[in-house]
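Participant: return a 3D structure for these sequence lines:
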Amino acid sequence: MTHSRRTFLAGTAATGIVTIIPFTTRAMGHGGDMFETSQGPVTVHPIEHASIVLETPIGVIYVDPVGDAGLYDGLPAPDLVLVTHEHGDHYNAETLAALIPSDAPTPLVTNPAVFDMLPDDLKARATSLANGGTMSFAGTVIDAIPAYNMTEGRTNFHPQGRDNGYVLTMGDFRIYISGDTEDIPEMRALADIDLCFLCMNLPFTMTAEAAASAVQEFQPTYVYPYHYRGRDDGTQDPQEFAALVGDASEVKFADWYGEGGV
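Facilitator: A predicted model of the protein is given here:
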(Lines give C-alpha, C1' and ligand atoms only; values in the text may rest on other atoms or scores of the structure.)
Protein backbone atom coordinates (compact mmCIF):
# COMPACT_ATOMS: atom_id res chain seq x y z
CA MET A 1 0.00 0.00 0.00
CA THR A 2 1.32 3.45 -0.89
CA HIS A 3 1.20 5.82 2.04
CA SER A 4 -0.29 9.20 1.08
CA ARG A 5 1.16 12.41 2.52
CA ARG A 6 -1.33 14.92 3.87
CA THR A 7 -1.36 18.54 2.79
CA PHE A 8 -3.57 21.38 3.94
CA LEU A 9 -5.07 24.02 1.66
CA ALA A 10 -5.10 27.74 2.22
CA GLY A 11 -6.67 30.39 0.05
CA THR A 12 -9.80 32.44 -0.47
CA ALA A 13 -13.06 31.63 -2.19
CA ALA A 14 -13.14 35.15 -3.61
CA THR A 15 -9.96 34.76 -5.63
CA GLY A 16 -10.16 31.05 -6.20
CA ILE A 17 -6.43 30.92 -5.53
CA VAL A 18 -5.35 27.93 -3.50
CA THR A 19 -1.86 27.41 -2.13
CA ILE A 20 -0.57 23.99 -1.18
CA ILE A 21 1.12 24.26 2.24
CA PRO A 22 3.56 21.46 3.08
CA PHE A 23 2.43 19.50 6.10
CA THR A 24 5.73 20.12 7.88
CA THR A 25 7.98 23.17 7.98
CA ARG A 26 10.93 24.07 10.16
CA ALA A 27 9.92 26.03 13.27
CA MET A 28 11.93 29.24 13.24
CA GLY A 29 13.75 30.04 16.47
CA HIS A 30 12.33 27.11 18.43
CA GLY A 31 14.79 24.31 17.67
CA GLY A 32 12.08 21.96 16.51
CA ASP A 33 9.86 20.98 13.61
CA MET A 34 6.50 22.60 13.04
CA PHE A 35 3.61 20.57 11.64
CA GLU A 36 0.74 22.55 10.15
CA THR A 37 -2.69 21.13 10.95
CA SER A 38 -6.23 22.25 10.21
CA GLN A 39 -6.48 23.55 13.80
CA GLY A 40 -3.11 25.32 13.91
CA PRO A 41 0.55 24.38 14.21
CA VAL A 42 2.08 21.64 16.34
CA THR A 43 5.72 22.35 17.21
CA VAL A 44 7.99 19.59 18.52
CA HIS A 45 10.67 20.47 21.06
CA PRO A 46 12.93 17.46 21.71
CA ILE A 47 14.30 17.72 25.25
CA GLU A 48 16.28 14.58 26.02
CA HIS A 49 15.91 10.82 25.48
CA ALA A 50 12.20 10.31 26.30
CA SER A 51 11.19 13.87 27.25
CA ILE A 52 9.24 15.96 24.75
CA VAL A 53 7.48 19.33 24.75
CA LEU A 54 4.72 19.90 22.21
CA GLU A 55 3.26 23.31 21.48
CA THR A 56 -0.19 22.58 20.08
CA PRO A 57 -3.45 24.35 19.26
CA ILE A 58 -4.89 23.16 22.59
CA GLY A 59 -1.90 24.19 24.72
CA VAL A 60 1.61 23.17 25.67
CA ILE A 61 2.02 19.46 26.44
CA TYR A 62 4.97 18.06 28.39
CA VAL A 63 5.56 14.34 27.89
CA ASP A 64 7.62 12.39 30.46
CA PRO A 65 9.48 15.44 31.76
CA VAL A 66 12.53 14.42 33.81
CA GLY A 67 15.96 15.81 34.55
CA ASP A 68 17.04 19.26 35.61
CA ALA A 69 14.33 21.88 35.24
CA GLY A 70 16.88 24.02 33.39
CA LEU A 71 16.43 21.75 30.37
CA TYR A 72 13.06 23.45 29.90
CA ASP A 73 14.28 27.05 30.20
CA GLY A 74 12.83 29.25 27.49
CA LEU A 75 9.84 27.01 26.88
CA PRO A 76 6.31 27.94 27.95
CA ALA A 77 4.89 26.36 31.08
CA PRO A 78 2.82 23.23 30.52
CA ASP A 79 -0.94 23.25 30.10
CA LEU A 80 -0.99 19.44 30.28
CA VAL A 81 1.54 16.83 31.43
CA LEU A 82 1.56 13.19 30.35
CA VAL A 83 3.57 10.47 32.11
CA THR A 84 3.81 7.02 30.55
CA HIS A 85 5.28 5.00 33.44
CA GLU A 86 7.38 4.97 36.58
CA HIS A 87 10.95 4.47 35.36
CA GLY A 88 13.35 7.28 36.19
CA ASP A 89 13.86 8.33 32.57
CA HIS A 90 10.11 8.95 32.32
CA TYR A 91 8.90 9.99 35.78
CA ASN A 92 10.49 12.19 38.41
CA ALA A 93 8.33 13.85 41.05
CA GLU A 94 10.89 16.59 41.78
CA THR A 95 11.05 17.58 38.11
CA LEU A 96 7.26 17.66 37.90
CA ALA A 97 7.04 19.84 41.00
CA ALA A 98 9.61 22.25 39.55
CA LEU A 99 7.91 22.53 36.16
CA ILE A 100 4.22 22.63 37.03
CA PRO A 101 3.23 26.07 38.38
CA SER A 102 1.77 25.73 41.87
CA ASP A 103 -0.77 28.46 41.15
CA ALA A 104 -1.99 26.95 37.87
CA PRO A 105 -4.50 24.09 37.55
CA THR A 106 -2.24 22.14 35.21
CA PRO A 107 -3.65 18.63 34.79
CA LEU A 108 -1.38 15.61 35.00
CA VAL A 109 -2.28 12.32 33.29
CA THR A 110 -0.46 9.14 34.32
CA ASN A 111 -0.80 5.40 34.30
CA PRO A 112 -2.25 3.96 37.54
CA ALA A 113 1.13 2.85 38.94
CA VAL A 114 2.57 6.36 38.75
CA PHE A 115 -0.65 7.86 40.09
CA ASP A 116 -0.33 5.70 43.22
CA MET A 117 3.19 6.97 43.93
CA LEU A 118 2.58 10.68 43.33
CA PRO A 119 3.02 13.05 46.27
CA ASP A 120 -0.28 14.45 47.51
CA ASP A 121 0.04 17.88 45.89
CA LEU A 122 0.59 16.34 42.45
CA LYS A 123 -1.98 13.61 42.97
CA ALA A 124 -4.62 16.27 43.65
CA ARG A 125 -4.34 17.45 40.04
CA ALA A 126 -3.71 14.05 38.43
CA THR A 127 -5.90 11.66 36.49
CA SER A 128 -5.17 7.94 36.45
CA LEU A 129 -5.69 6.47 32.97
CA ALA A 130 -5.29 2.72 32.51
CA ASN A 131 -4.67 0.84 29.28
CA GLY A 132 -7.69 1.32 27.02
CA GLY A 133 -8.90 4.36 28.97
CA THR A 134 -10.02 7.56 27.27
CA MET A 135 -10.42 11.12 28.46
CA SER A 136 -10.64 14.56 26.89
CA PHE A 137 -8.74 17.79 27.40
CA ALA A 138 -9.67 21.05 25.67
CA GLY A 139 -11.46 19.12 22.94
CA THR A 140 -8.59 16.69 22.42
CA VAL A 141 -9.19 12.98 22.99
CA ILE A 142 -6.46 11.18 24.93
CA ASP A 143 -6.35 7.39 24.56
CA ALA A 144 -4.10 5.26 26.76
CA ILE A 145 -2.44 2.66 24.53
CA PRO A 146 -0.80 -0.42 26.07
CA ALA A 147 3.00 -0.39 26.26
CA TYR A 148 4.78 -3.58 27.28
CA ASN A 149 7.45 -6.18 26.59
CA MET A 150 6.47 -9.48 25.04
CA THR A 151 9.88 -11.10 24.47
CA GLU A 152 10.76 -13.90 26.87
CA GLY A 153 13.21 -12.67 29.46
CA ARG A 154 12.18 -9.03 29.07
CA THR A 155 8.59 -8.99 30.28
CA ASN A 156 9.63 -7.85 33.75
CA PHE A 157 10.89 -4.53 32.33
CA HIS A 158 7.44 -3.37 31.24
CA PRO A 159 4.79 -5.92 32.20
CA GLN A 160 1.62 -6.05 30.17
CA GLY A 161 -1.18 -3.93 31.61
CA ARG A 162 0.94 -1.50 33.64
CA ASP A 163 2.40 1.19 31.37
CA ASN A 164 0.92 3.58 28.83
CA GLY A 165 1.56 4.97 25.42
CA TYR A 166 -0.79 7.76 24.34
CA VAL A 167 -2.71 8.75 21.22
CA LEU A 168 -3.82 12.39 21.12
CA THR A 169 -6.55 13.23 18.61
CA MET A 170 -6.80 16.94 17.81
CA GLY A 171 -9.51 17.20 15.21
CA ASP A 172 -8.11 15.32 12.21
CA PHE A 173 -4.53 15.28 13.53
CA ARG A 174 -3.37 12.29 15.57
CA ILE A 175 -0.16 11.95 17.60
CA TYR A 176 1.14 8.65 18.98
CA ILE A 177 3.71 8.58 21.80
CA SER A 178 4.91 5.04 22.34
CA GLY A 179 6.42 5.17 25.81
CA ASP A 180 8.50 2.05 26.47
CA THR A 181 7.23 -0.90 24.49
CA GLU A 182 8.00 -3.55 21.94
CA ASP A 183 6.24 -3.76 18.58
CA ILE A 184 3.06 -5.05 20.18
CA PRO A 185 -0.16 -5.87 18.29
CA GLU A 186 -1.88 -2.81 19.76
CA MET A 187 0.74 -0.59 18.13
CA ARG A 188 0.58 -2.37 14.80
CA ALA A 189 -3.22 -1.97 14.80
CA LEU A 190 -3.07 1.84 15.04
CA ALA A 191 -4.50 3.81 12.14
CA ASP A 192 -4.43 7.37 10.82
CA ILE A 193 -1.44 8.47 12.91
CA ASP A 194 0.05 11.71 11.60
CA LEU A 195 2.95 12.13 14.03
CA CYS A 196 4.66 9.34 15.96
CA PHE A 197 7.41 9.13 18.60
CA LEU A 198 8.77 5.59 18.64
CA CYS A 199 11.20 4.10 21.16
CA MET A 200 13.92 1.60 20.31
CA ASN A 201 16.69 0.39 22.60
CA LEU A 202 17.83 -2.87 24.14
CA PRO A 203 17.24 -4.69 26.30
CA PHE A 204 14.29 -2.62 27.52
CA THR A 205 12.23 -1.97 24.39
CA MET A 206 12.95 -3.14 20.83
CA THR A 207 15.46 -3.12 18.02
CA ALA A 208 15.51 -0.71 15.10
CA GLU A 209 14.40 -3.63 12.94
CA ALA A 210 11.33 -4.34 15.07
CA ALA A 211 10.42 -0.66 15.27
CA ALA A 212 10.73 -0.27 11.50
CA SER A 213 8.62 -3.36 10.92
CA ALA A 214 5.85 -1.89 13.05
CA VAL A 215 6.04 1.44 11.22
CA GLN A 216 5.73 -0.34 7.89
CA GLU A 217 2.48 -1.82 9.17
CA PHE A 218 0.70 1.16 10.79
CA GLN A 219 2.36 3.79 8.58
CA PRO A 220 2.34 7.06 10.49
CA THR A 221 2.86 10.04 8.22
CA TYR A 222 5.88 11.21 10.23
CA VAL A 223 7.88 9.27 12.80
CA TYR A 224 10.61 10.36 15.20
CA PRO A 225 12.90 7.66 16.56
CA TYR A 226 13.53 8.54 20.20
CA HIS A 227 14.66 6.74 23.37
CA TYR A 228 17.28 4.94 21.27
CA ARG A 229 20.18 4.99 23.69
CA GLY A 230 20.35 2.99 26.88
CA ARG A 231 22.49 0.81 29.07
CA ASP A 232 25.15 -1.47 27.57
CA ASP A 233 23.92 -2.59 24.13
CA GLY A 234 20.85 -0.34 24.31
CA THR A 235 21.94 2.00 21.50
CA GLN A 236 20.06 1.65 18.23
CA ASP A 237 20.91 3.47 15.02
CA PRO A 238 18.19 5.92 13.89
CA GLN A 239 19.72 6.09 10.41
CA GLU A 240 19.43 2.33 10.09
CA PHE A 241 15.85 2.60 11.32
CA ALA A 242 15.11 5.18 8.59
CA ALA A 243 16.60 2.97 5.90
CA LEU A 244 14.48 0.04 7.05
CA VAL A 245 11.29 2.16 7.16
CA GLY A 246 11.81 3.10 3.52
CA ASP A 247 8.92 5.05 2.04
CA ALA A 248 6.33 3.74 4.52
CA SER A 249 6.70 6.94 6.59
CA GLU A 250 8.88 10.04 6.63
CA VAL A 251 11.48 9.70 9.38
CA LYS A 252 12.30 12.89 11.31
CA PHE A 253 15.50 13.25 13.29
CA ALA A 254 15.99 15.27 16.47
CA ASP A 255 18.90 15.98 18.79
CA TRP A 256 17.86 13.92 21.80
CA TYR A 257 21.37 13.45 23.16
CA GLY A 258 23.04 16.86 22.91
CA GLU A 259 25.42 16.13 20.07
CA GLY A 260 23.84 18.41 17.49
CA GLY A 261 22.46 15.52 15.49
CA VAL A 262 21.54 11.86 15.64
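Participant: so how far is stretch 166-186 off the chain centroid?
Facilitator: 7 Å (Cα atoms, centre = their mean, to the nearest Å).
Participant: buried ones in the helix or strand Ala210 falls within?
Facilitator: Under the criterion DSSP states H and E, the helix or strand holding Ala210 is helix 208-218. Buried residues in helix 208-218, counted by 16 or more other Cβ atoms under 10 Å: 208, 210-216, 218. Yep, even glycine has a C-beta here, placed from its N, CA and C like the rest.
Participant: which one among those residues gets closest to Met150?
Facilitator: Relative to Met150, the closest of these is Ala210; by Cβ to Cβ it sits at 10.4 Å.
Participant: apart from its neighbours in sequence, what residue is nearest the closest one?
Facilitator: Of all residues not flanking Ala210 in the chain, Asp183 sits nearest, at 4.5 Å (Cβ to Cβ, 6 or more residues apart in numbering).
Participant: quick check: phi and psi on the one you found?
Facilitator: Note on Asp183: its backbone torsions stand at phi -80, psi 70 [degrees, to the nearest 10].
Participant: I figured it hits Glu209, correct?
Facilitator: No: assessed by Cβ atoms under 8 Å, Asp183 is found out of contact with Glu209, at 9.3 Å.
Participant: against Thr37, how distant is the closest residue to Gly40 other than its chain neighbours?
Facilitator: The shortest distance from Gly40 to any non-neighbouring residue, by Cβ to Cβ, 6+ apart, is to Pro57 (3.7 Å). Separation of Pro57 from Thr37 (Cβ to Cβ, to the nearest Å) stands at 7 Å.
Participant: who touches both of these two?
Facilitator: Common neighbours of Pro57 and Thr37 (criterion: Cβ atoms under 8 Å, 6 or more residues apart in numbering): Met170.
Participant: more crowded one of those two?
Facilitator: Between Pro57 and Thr37, Thr37 has the larger neighbour count (other Cβ atoms under 10 Å), namely 21 against 16.
Participant: please name the nearest non-neighbouring residue to that one.
Facilitator: Phe173 (4.1 Å).
Participant: got a list of what the residue nearest to Gly40 touches?
Facilitator: Pro57 makes contacts with 37, 39-42, 170, as judged by Cβ under 8 Å, 6+ apart.
Participant: now for the residues you listed: which two are most distant?
Facilitator: Pro41 and Met170 (11.1 Å).
Participant: quick one: pLDDT of the spatially most central residue of the chain?
Facilitator: Geometric centre of the chain, nearest residue: Ile177, 3.1 Å, by Cα atoms, centre = their mean. Note on Ile177: pLDDT of 98.
Participant: what of Val262?
Facilitator: Val262 is given a pLDDT of 58.
Participant: give me phi/psi at the residue nearest to Thr37?
Facilitator: phi -110, psi 130.
Participant: returning to what we had before: out of the contacts of Pro57, who's the most crowded?
Facilitator: Val42 (25 neighbours).
Participant: pretty sure that residue sits in a strand.
Facilitator: Yes: assessed with DSSP: H, G, I helix; E, B strand; the rest coil, Val42 lies in a strand.
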